[in-house]
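model this:
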Amino acid sequence: MNDFEKHTREELVYHLTIGHAHMKFEDVVADFPEDHINDMFTNGDYTFWHLLEHMRRTQADILNFSTNPNYEELSWPDDYWPKKDAKATKEDWDKTIKDFLKDREKLQKLIEDPNNDIYEVFPWGDGQTLAREVSVVTDHNSYHLGEFSIMRQTLNTWPVGHR
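Purely as a prediction, here's the structure:
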């Protein structure tokens, strides 16, 4: 592996797990008040849990696409979002977070594995590479992490003293 590829892999992992221009997933969901997981923000049509579950489903789909030669495309938006009236329990909330982190770790390991050519086009796709798919996950997650953070601000769910 040359230095450029090594650096690219490190940057992909950094953006996926920490990020230069967005908060870490773990920081955004930390100390979230359980009694607000099903709250909707003003003029919104989804809850905090809906948004996290959407992120989890999307990331899981991209992981599946990146590793499964028999990948079958999901239906948008039905397979990517919970039903609008779905309510989460604390167990659902915790499972969404746990599964999101587990799948993110799997993506990280795919990137870090030198046996995976991050630039090789997937034979079952239409031009996608591992590097591209991880970039899509990072972009999607950072967008929604910002949204989640603003939702927390507008609905006053950050812990006292949060900056």
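
outside of the lengthiest helix in the chain, which residues touch it?
As assigned by DSSP state H, the longest helix anywhere in the chain is helix 130-154. Residues from elsewhere that reach helix 130-154 (CB atoms under 8 Å, 6 or more residues apart in numbering): 8, 12, 15-16, 19, 21-23, 25, 28-29, 32, 41-42, 44, 48, 51-52, 54-55, 58-59, 62, 65-66, 104, 107, 110-111, 116-120, 122, 157-158. Placement of C-beta: from N, CA and C, glycine included.

Would you list the buried entries among these?
Buried by 16 or more other CB atoms under 10 Å: 8, 12, 15-16, 22-23, 25, 28-29, 32, 41, 48, 51-52, 54-55, 58-59, 62, 65-66, 104, 107, 110-111, 116, 118, 122, 157-158, out of these.

host element of residue 27?
helix 25-29 (DSSP states H and E).

Do a quick rundown of the helices in this protein.
3-17, 25-29, 48-67, 90-112, 130-154.

just those helices: most buried one?
Most buried of the helices of the chain, by mean neighbour count (mean count of other CB atoms under 10 Å): helix 48-67, with a mean of 20.

Which other helices and strands does it contact?
When contacts are defined as 3 or more CB pairs under 8 Å, 6 or more residues apart in numbering; DSSP states H and E, helix 48-67 sits against helix 90-112, helix 130-154.

follow-up on the earlier one: so what's the gap between the longest helix of the chain and the chain middle?
Relative to its parent chain, helix 130-154 has a centroid offset of 6 Å by CA atoms, centre = their mean, to the nearest Å.

Repeat that for stretch 45-54.
With CA atoms, centre = their mean as the basis, stretch 45-54 stands 12 Å off its chain's centre.

contact partners of that stretch?
Here stretch 45-54 has contacts from 29, 32, 36-40, 80-82, 84, 86, 88, 92-93, 96-97, 100, 144, 147-148, 151-152, 157, using CB under 8 Å, 6+ apart.

Let's see that with 6 Å instead.
With contact meaning CB atoms under 6 Å, 6 or more residues apart in numbering, stretch 45-54 is reached by 37-40, 80-82, 88, 93, 96, 144, 148.
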